[in-house]
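Visitor: here's a sequence, model it:
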Amino acid sequence: VLASAALARGDLATAQAELDRLGPAARGGELAGVLTGTIRLVRFDLAGARAAFETTLRDHPNSIRARLGLARVAAMQGEAERAEQLFAEVLEREPGNPEALARLSAAALSGGARAASSRAVLEAANRAHPADPALAATLGTVLLRLGEPARAAEVLDAPAFRDRRRETRHLLLLAEAREAAGQTKEAEEAARMAMAQDPNNPFARRIVAGLLLKAKDQRAAELVLEQGLRTQPADPVLQQSLVQVVREGRGLDAALDLANRLAAQEAMRPASLALRGDLLMGAERFEEAAAAYAAAYAQAPSRELAQRRAGALQRQNKQAEAAAALAAWLEREPGDAAIQAQLAQLEIVAGRTAEAERRLVQVVAARPEDAISLNNLAWLMQARSDPASEAGKAALAEARQYAERAYYIAPSAETADTLGWILARQGEAERALPLLRQAAAASVARRRPDPSMFYRYAVVLEAAGQRDEARRVLEPVVKADLQFPERAEAERLYARLGGG
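Guide: Predicted coordinates for the structure are as follows:
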């Protein structure tokens with residue numbers, strides 16, 4: 001149990017220590033095998049991880065966790081079809097498994113080579129288990145985002161659901177699908193069912209109000225939200241929804257007047273104090289928004305108002321003033337790790353990396369599961385480390401531990417890129433390549449290719465002796481009119497690889 005908890009927060013050292021304490025009998029159990037494989041996976045011993053998971057699956061043929069581990073290994077080794085097959089096997093045994101659903105839905109929405117087949121896996125699982133709410137919600141969301149709302153509504157309103165109580169969020173998703181399909185009457189019915197089932201759910205009231213507004217019934221739309229505020233006056237979703245309904249139906253000035261009235265009512269605070277600034281931000285009147293947040297902060301200082309004011313100042317490119325707004329809150333609440341993390345990001349942008357690193361050390365000590373801060377700290381530490389010196393090697397080793405935790409907690413293009421680059425700088429090019437490949441591919445999948453990631457991937461490909469592949473990866477980056485920090489180095493590398 002302790003090992004599982006440590007691993008969940010990315011603490012590999014503690015997880016390994018707890019695993020080492022297990023007796024021989026416990027070591028043969030499913031959980032011990034999965035933990036062993038996962039620790040090896042996070043440390044990028046892919047062969048060892050695969051062996052551990054395969055052994056566990058052999059000894060425990062119905063193990064879902066072993067299948068998930070093997071799927072992660074397959075994905076990291078570029079075996080997308082194998083990973084997809086394993087996720088399908090997981091859904092056969094546990095149709096609502098969160099990881100399998102998340103991975104398959106991401107692939108289905110990626111537009112990549114496995115998009116159609118991943119969708120097909122979800123659809124097949126739904127046909128086999130039409131009454132599983134998590135599976136139906138996942139497939140419904142995928143279909144909705146792919147522009148097939150009528151099909152999404154069919155999945156969410158399948159006969160298997162009609163004679164049983166549905167979760168409020170299921171009904172809200174059904175209402176969204178009905179509305180997107182142009183089925184306004186049915187959408188309102190679903191939203192009102194959700195509201196009747198959970199009168200205090202602000203999202204149900206927001207959807208009903210939106211449908212009434214679309215039907216040109218301005219007063220009824222406002223009334224639905226006002227009724228909710230009578231019992232939940234401080235609810236931020238209801239407040240935001242009401243001022244937005246007024247803005248859409250009666251204009252910005254009317255919405256600003258309403259925001260002022262709500263902010264003046266003690267029962268509506270603290271959320272109401274941000275309404276005026278939020279409306280001005282939506283209107284792209286950033287200077288006025290910053291002033292509104294500052295005035296509200298003077299009345300009742302809060303983390304949320306400090307963050308909002310900093311955001312408005314950033315939109316005006318006033319980075320120093322944004323940092324000062326956050327620092328002012330930290331003078332009141334020096335232990336606020338969330339604001340410390342946000343301020344560290346501003347310091348990184350401003351080039352004050354030493355200050356940011358010192359701050360992030362405190363942040364990750366207070367929030368060991370903050371993957372973004374872990375990743376930022378790992379990147380800053382490796383950037384100042386010289387692998388040729390003993391001190392640099394030690395710093396890289398420490399950075400690697402932070403990067404491993406970040407990647408395990410939140411695998412993404414950024415965390416894969418950081419960990420892959422650290423491994424490469426430690427001379428482990430073969431272990432680094434799958435990560436850097438994953439990072440580059442993920443940046444493309446989200447339609448925001450990062451040229452710096454492609455440059456680092458090419459550097460490590462060359463180090464691994466794959467010069468032709470390095471040139472192929474680097475060519476579109478160099479030939480495009482893109483500016484990025486490593487542009488000059490990328491051009492030199494491309495020339496060295498024989499590019500012209």
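Visitor: any stretches of the stretch 401-500 of the chain with poor pLDDT?
Guide: 500 (pLDDT under 70).
Visitor: how about the chain?
Guide: Ranges of the chain meeting pLDDT under 70: 1-4, 6-12, 25-26, 500.
Visitor: most centrally placed residue in it?
Guide: Using Cα atoms, centre = their mean, the residue of the chain that lies closest to the mean C-alpha position is residue 410, 7.6 Å off.
Visitor: for residue 463, which non-adjacent residue is spatially closest?
Guide: Excluding its sequence neighbours, the residue lying closest to residue 463 (Cβ to Cβ, 6 or more residues apart in numbering) is residue 429, at 4.6 Å. The way it works is simple: take the backbone N, C-alpha and C, and place the C-beta from them, glycine included.
Visitor: and stretch 106-123, which residues are buried?
Guide: By neighbour count on 16 or more other Cβ atoms under 10 Å, the buried set for stretch 106-123 is 107, 108, 109, 110, 114, 115, 117, 118, 119, 121, 122, 123.
Visitor: circling back: now the residue lying closest to the residue nearest to the centre of the chain once chain neighbours are set aside: how far from residue 310?
Guide: Nearest non-adjacent residue to residue 410, counting by Cβ to Cβ, 6+ apart: residue 371, 3.6 Å away. Distance check for residue 371 against residue 310: by Cβ to Cβ, to the nearest Å, it reads 21 Å.
Visitor: which of these two has more residues huddled nearby?
Guide: Neighbour count, other Cβ atoms under 10 Å: between residue 371 and residue 310, residue 310 has more, with 27 against 20.
Visitor: so the more buried one is in which element?
Guide: Element membership for residue 310 (DSSP states H and E) is helix 303-315.
Visitor: for residue 123, same thing?
Guide: helix 115-128.
Visitor: other SSEs contacting the next helix or strand after that helix?
Guide: Once helix 115-128 ends, the next helix or strand along the chain (criterion: DSSP H and E) is helix 133-145. Packing partners of helix 133-145 (3 or more Cβ pairs under 8 Å, 6 or more residues apart in numbering; DSSP states H and E): helix 98-109, helix 115-128, helix 149-156, helix 168-180.
Visitor: report the buried residues of helix 133-145.
Guide: 133, 134, 135, 136, 137, 138, 139, 140, 141, 142, 143, 144.
Visitor: from residue 285, how far off is the first one?
Guide: Residue 133 sits 43 Å away from residue 285, taking Cβ to Cβ as the criterion.
Visitor: just residue 313 next, same as before
Guide: On the measure of Cβ to Cβ, residue 313 and residue 285 end up 13 Å apart.
Visitor: so for these two, which residue has more residues nearby?
Guide: The neighbour count for residue 313 versus residue 285, taken as other Cβ under 10 Å, is higher for residue 313 (25 against 16).
Visitor: which one is that one nearest to, not counting chain neighbours?
Guide: residue 322 (4.0 Å).
Visitor: I'd assumed residue 310 was in contact with that neighbour.
Guide: Yes: counting by Cβ atoms under 8 Å, residue 310 is a contact partner of residue 322 at 4.1 Å.
Visitor: overlap in contacts, these two.
Guide: residue 346 (Cβ atoms under 8 Å, 6 or more residues apart in numbering).
Visitor: all the helices of the stretch 201-350 of the chain, residue numbers only.
Guide: 202-214, 218-231, 236-250, 252-263, 275-282, 286-299, 303-315, 319-332, 337-349 (DSSP state H, counting those that start in this stretch).
Visitor: by contact count, what packs against the longest one?
Guide: Meaning helix 236-250. Against helix 236-250 (3+ Cβ pairs under 8 Å, 6+ apart) you get helix 202-214, helix 218-231, helix 252-263, helix 275-282.
Visitor: distance of residue 198 from residue 206?
Guide: Between residue 198 and residue 206 the distance is 13 Å, computed by Cβ to Cβ.
Visitor: comparing the two, which residue is more hemmed in?
Guide: residue 206 (24 against 17).
Visitor: nearest spatial neighbour of residue 469, skipping sequence neighbours?
Guide: That would be residue 461: by Cβ to Cβ, 6+ apart, it lies 5.1 Å from residue 469.
Visitor: isn't the one you found right up against residue 433?
Guide: Yes: between residue 461 and residue 433 there is a contact at 7.0 Å, judged by Cβ under 8 Å.
Visitor: quick one: buried residues of stretch 415-431?
Guide: So stretch 415-431, judged by 16+ other Cβ under 10 Å, has buried residues 415-426, 429, 431.
Visitor: and the furthest pair within the residues you listed?
Guide: Using Cβ to Cβ, the buried residues of stretch 415-431 span at most 18.8 Å, a distance reached by 415 and 429.
Visitor: still on that earlier bit, between residue 461 and residue 433, which has more neighbouring residues?
Guide: The residue with more neighbours, out of residue 461 and residue 433, is residue 461; 24 against 21, by other Cβ under 10 Å.
Visitor: ok so, going back, quick check: the gap between the residue nearest to residue 313 and residue 360.
Guide: On the measure of Cβ to Cβ, residue 322 and residue 360 end up 18 Å apart.
Visitor: repeat for residue 132
Guide: From residue 132 over to residue 360 the distance is 41 Å, taken as Cβ to Cβ.
Visitor: these two: which has the busier surroundings?
Guide: Taking neighbours as other Cβ under 10 Å, residue 132 and residue 360 compare with residue 360 leading, 29 against 19.
Visitor: what packs against the strand or helix carrying that one?
Guide: Using DSSP H and E, residue 360 sits in helix 353-366. Packing contacts for helix 353-366, counted by 3+ Cβ pairs under 8 Å, 6+ apart, involve helix 337-349, helix 371-383.
Visitor: so what's the gap between the first one and the chain middle?
Guide: Relative to its parent chain, helix 337-349 has a centroid offset of 18 Å by Cα atoms, centre = their mean, to the nearest Å.
Visitor: how far off helix 353-366 does that helix point, in degrees?
Guide: Here the directions of helix 337-349 and helix 353-366 differ by 160 degrees (axes from the mean of the first three to the mean of the last three Cα atoms, to 10 degrees).
Visitor: just the C-alpha atoms of helix 337-349, please, in CSV.
Guide: The C-alpha coordinates for helix 337-349 follow below in CSV (Å, rounded to 0.1, in the frame of the first residue of the first chain):
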residue,chain,number,x,y,z
ALA,A,337,2.4,27.2,-3.3
ALA,A,338,0.1,27.7,-6.2
ILE,A,339,1.0,31.4,-6.4
GLN,A,340,4.7,30.6,-5.9
ALA,A,341,4.5,28.3,-8.9
GLN,A,342,2.8,30.9,-11.0
LEU,A,343,5.4,33.5,-10.0
ALA,A,344,8.2,31.1,-10.8
GLN,A,345,6.8,30.8,-14.4
LEU,A,346,6.9,34.6,-14.8
GLU,A,347,10.5,34.6,-13.5
ILE,A,348,11.4,32.0,-16.1
VAL,A,349,9.9,34.1,-18.8
